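Visitor: Quick one: sequence plus predicted model below, questions after.
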Amino acid sequence: MEHLSHKRKVTIMMAIVAAMFFAAINQTIVSTAMPRIIAILGGMDYYTWVITIYMLTSTISTVLVGKLSDIYGRKPFILAGIVFFIIGAFLTGFSKDIFQLITYRGIQGIGAGIIMASAFTAVGDLFAPRERGKWTGVMMAVFGFSSVIGPTLGGWIVDHMDWEWVFWIFLPLGVVAFVMIMMLFPKVERRQAESIDYMGSLFLTLTIVPLLLGFSWAGTKYAWGSPQIIGLFAAAVVALLIFMFIETRVKSPVMPLSLFRNGIVTVSNVIGFLMNAGMMGALIYLPFFVQGVEGVSPTYSGYVTMPMSISMVILSSLVGRWITKSGKYKRFALIGMPIMVAGMVIMAFMDNIPLAVLSMIVFGVGLGLGMPVFSLTVQNAVRPEQLGVATASSQLFRNLGGTIGIAVMGTIMATSLQNSLKSAAASGGGIDMSKLDPKVAEQLSAFHNPEMLLDQPRLAQLQQTLPADVQPIFTKMIDMLRDALASSLTTVFLSGAALLVVASLLVFLLKEIPLRTSNRMPEQTSGDGEKQPDGTPVVAK
């Protein structure tokens, strides 16, 4: 598509950005609204499935569409993704119970995965690697912008309108994006020689599903060592071995194993995995500090994370332009990753809201500097015919990292919290319930669960029912819970920082090759006469 005029490319990018924003805003707008929706529909026990099913379907569709879009082109898949997302969002608004909500969110996940995979790859079709940096920054800014306005808008809708409008309000934007893609995006001919790897796709799916379910349920629904979790992990390993065997035999593999012989692709994907594991695994627990430890209401807690999104939007846009201008990208990762570590370390030791806001700003700056780099490195290191599958592999590793990170950090937090509560009790900081009136002891027993700190209206309501002479005991118990929660969160944030340190060190192993000014790969050879995996001379920086 390099033959298209710059004006036509920019117009097409407007359509792609509209499609991406449609998918991104529909993800972030749900975050603050979902607790209210679950309260209306019922089924709190199945709440995690609303998140898990979306994650599963989006991850699977992202990976499978990568190779298919290399064969058929990006246009039909972006259109299909928008249709799936519109249908899923429309039906979700008609959900009568939690099970319908889970089903329709799964359909939305399919659409989201297709849109995200196709959109990022389409940038590679339209622009040479040297120009992609600018547009990658713009697309990262779209995510940041949706993160700024989405949660606030979702909370406002459920407070002032019927909850269904959370899913319906942006449907017209989806229709506009569909029409723009249909009218503007060029169609490409199918590669007739390519065949579809059905068996590889099946066993790749059978690897991802039990793996993600295992990490999603471990430590929450089932113990890590339970037969259910071990069985899921064993099934994932068996499916992976079969998948690898198939990929070495088929003519056109869905995820070519040769892709991972490219050092740039492998290192970038490992960094993406670790970065998302540390980032998602730790940041998901930030509200526990803001609401649980500091007692800030959910409405205002969103303003604490907003500076991260704003600083990320600004920096990712600037970094994209700087990369396009200089043709260099490694320096931004080398600067950004340590800044992310610094932000996470500040989170570990924060003890007030201003410090939490500072940590968000620092982390957002690091995120804006480092995050746009690694998709660009992968796309720059592979041939155009592998663009879709390479981009899909990058997103797969990031999704896996985020899921596994959340599960592992959850276990770390639960264990640390339990140990902190035991230490407080052993040091005399606990409350001897046996010395209290049985009725009062029963009332206070509810406060042994730190999750109570996150339900502030109920906390205040229960406090009002306690006799005046019990109020000092109640205050002491809440302070003990807050101290224990703060201590466990410190452990979580330090664990996230440790993963980001490893990712930062791996950046030094990332070989930087010149960003091409054309999508055509130069047929150059290395000094020993053998062609490099990426088709270009590797220059370490």
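Guide: Good, I have the coordinates. Numbering: from 1, shown residues only.

Visitor: element containing residue 373?
Guide: Using DSSP states H and E, residue 373 maps to helix 353-381.

Visitor: Kindly provide the whole-number mean pLDDT of the helix or strand following that helix.
Guide: With elements assigned by DSSP H and E, the helix or strand that comes after helix 353-381 is helix 387-426. Averaging pLDDT along helix 387-426 gives 78.

Visitor: okay, the angle between helix 387-426 and helix 353-381?
Guide: 150 degrees (axes from the mean of the first three to the mean of the last three Cα atoms, to 10 degrees).

Visitor: Against which helices or strands is helix 387-426 packed?
Guide: helix 47-72, helix 98-126, helix 198-217, helix 263-283, helix 353-381, helix 471-507 (3 or more Cβ pairs under 8 Å, 6 or more residues apart in numbering; DSSP states H and E). (C-beta placed from N, C-alpha, C; glycine too.)

Visitor: And the helix holding residue 373, what's buried?
Guide: In terms of neighbour count (16 or more other Cβ atoms under 10 Å), helix 353-381 has its buried residues at 353, 356-381.

Visitor: Ok, stretch 384-402 next?
Guide: For stretch 384-402, by 16+ other Cβ under 10 Å, it's 386-402.

Visitor: What of stretch 309-327?
Guide: Buried residues in stretch 309-327, defined by neighbour count with 16+ other Cβ under 10 Å: 309-313, 315-317, 319-320, 322-324.

Visitor: how about the CA coordinates for that stretch, as CSV?
Guide: Extracted C-alpha coordinates of stretch 309-327, given in CSV (Å, rounded to 0.1, in the frame of the first residue of the first chain):
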residue,chain,number,x,y,z
SER,A,309,-3.1,8.1,31.3
ILE,A,310,-2.6,11.8,30.6
SER,A,311,1.2,11.6,30.8
MET,A,312,1.2,8.4,28.7
VAL,A,313,-0.9,10.1,26.0
ILE,A,314,1.5,13.1,25.8
LEU,A,315,4.7,11.1,25.9
SER,A,316,3.6,8.3,23.5
SER,A,317,2.6,10.9,20.9
LEU,A,318,5.9,12.7,21.2
VAL,A,319,8.0,9.5,21.2
GLY,A,320,6.3,8.4,18.0
ARG,A,321,7.3,11.6,16.3
TRP,A,322,10.9,11.4,17.7
ILE,A,323,11.3,7.9,16.4
THR,A,324,10.1,8.8,13.0
LYS,A,325,12.4,11.8,12.9
SER,A,326,15.6,10.0,14.2
GLY,A,327,15.0,6.4,13.0
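
Visitor: what residues does it touch?
Guide: The contact list for stretch 309-327, computed with Cβ atoms under 8 Å, 6 or more residues apart in numbering, reads 130-138, 140-141, 144-145, 147-148, 329, 332, 360-361, 364-365, 367-369, 371-373, 376, 514-515.

Visitor: How about stretch 108-119?
Guide: With contacts defined as Cβ under 8 Å, 6+ apart, stretch 108-119 is touched by 16, 19-20, 22-23, 26-27, 53-63, 65-66, 69, 74, 77-78, 80-89, 92, 139, 388, 391-392, 395.

Visitor: State the mean pLDDT of that stretch.
Guide: Computed over stretch 108-119, the average pLDDT equals 87.

Visitor: Equivalent analysis for stretch 309-328, please.
Guide: 82.

Visitor: On the pLDDT front, check the closest residue to residue 510 other than its chain neighbours for me.
Guide: Spatial nearest neighbour of residue 510, chain neighbours left out: residue 267 (5.0 Å); criterion: Cβ to Cβ, 6 or more residues apart in numbering. pLDDT for residue 267: 91.

Visitor: correct me, but residue 267 touches residue 508?
Guide: No - Residue 267 lies out of contact with residue 508 (Cβ atoms under 8 Å); the separation is 9.8 Å.

Visitor: Looking at the two, which one has more neighbours?
Guide: For the pair residue 267 and residue 508, the greater number of neighbours falls to residue 267 (20 against 12), based on other Cβ atoms under 10 Å.

Visitor: which residues touch that one?
Guide: Listed by Cβ under 8 Å, 6+ apart, the contact set of residue 267 reads 506, 509, 510, 511.

Visitor: Can you spell out which helices and strands pack onto the helix or strand that contains residue 33?
Guide: In this assignment (DSSP H and E), residue 33 forms part of helix 6-41. Using 3+ Cβ pairs under 8 Å, 6+ apart as the contact criterion, the elements in contact with helix 6-41 are helix 47-72, helix 75-92, helix 98-126, helix 129-160, helix 165-168, helix 171-184.

Visitor: in it, what counts as buried?
Guide: For helix 6-41, burial by neighbour count (16+ other Cβ under 10 Å) applies to 9, 12-13, 15-30, 32-34, 36-38, 41.

Visitor: same question, stretch 496-510
Guide: 496, 497, 499, 500, 501, 503, 504, 506, 507, 510.

Visitor: Likewise for stretch 106-118?
Guide: Across stretch 106-118, burial judged by 16+ other Cβ under 10 Å covers 106-118.
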